[in-house]
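Q: Sequence first, then the predicted structure, then my questions.
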Amino acid sequence: MPTTGVRILGISGSIRKGSYNTALLHAAKKMVPENSELEIFDISGIPEYNQDTENNPPEKVVWLKKKIKEADAILISTPEYNYSIPGALKNAIDWASRPDNPFDGKAAAIMSASVGAMGGSRAQYHLRQVFIFLNVYAVVKPEVIVTFASEKIGKDGELKDTEVQKRISLLLNKLVEFSIKLKQ
């Protein structure tokens, strides 16, 4: 599939050192379709969102908004906390989307990994609800839901499961393809 060069911004919903979801993004970085690129943004250190200061955001938020604006597509890899997305991810999205919304009209895809049997699936569905307000166009298939992540991702962060690798590669191709269609 020829591309015209799609810039993808990867965001991990986990700020944990050794995060399986961050490992998925690093694996994805090695699988990006030709002429496209994936840059990973670390959301750790973003302070709690405060509407009183949204017009004068912290420097890390300014940088996040800039990276989102520059990106053609977004790839989020997130764990599931209490049947939803982690607070750190929601906080970063809240900061980035106010008062203007750099997510508007972009293609996005979601991956998730968890040590449990659900693999973060409920977080993915909840994040798709957030996408509605952001006016983000979600690539819904293939779903990349990594169950029992500790068996599929090594302690070194390397993705060991070839089926998951195939699904990530296919998801990236769909994300790039959809992003190109949206730009036309």
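A: Received it, and whenever you're ready, just let me know what you need.
Q: In which helix or strand does residue 179 reside?
A: Assigned by DSSP states H and E, residue 179 belongs to helix 162-183.
Q: helices and strands around that helix, which ones?
A: Helix 162-183 sits against strand 7-12, helix 20-29, strand 73-77, strand 107-113, strand 144-146, with contacts defined as 3 or more CB pairs under 8 Å, 6 or more residues apart in numbering; DSSP states H and E. C-beta coordinates here come from the backbone N, C-alpha and C atoms, glycine included.
Q: wait, is residue 88 part of a strand?
A: No. Assignment of residue 88 by DSSP: H, G, I helix; E, B strand; the rest coil gives helix, placing it outside any strand.
Q: ok, it - contacts?
A: 13, 14, 15, 43, 44, 46 (CB atoms under 8 Å, 6 or more residues apart in numbering).
Q: Please determine how far the second one is located from residue 159.
A: Computed as CB to CB, to the nearest Å, the residue 14 to residue 159 distance reads 15 Å.
Q: Neighbour count: the two, which is higher?
A: residue 14 (25 against 22; other CB atoms under 10 Å).
Q: which one is that one nearest to, not counting chain neighbours?
A: residue 21 (4.6 Å; CB to CB, 6 or more residues apart in numbering).
Q: can you pull the contacts of the one you found?
A: 12, 13, 14, 77, 78, 79, 111, 112, 113, 120.
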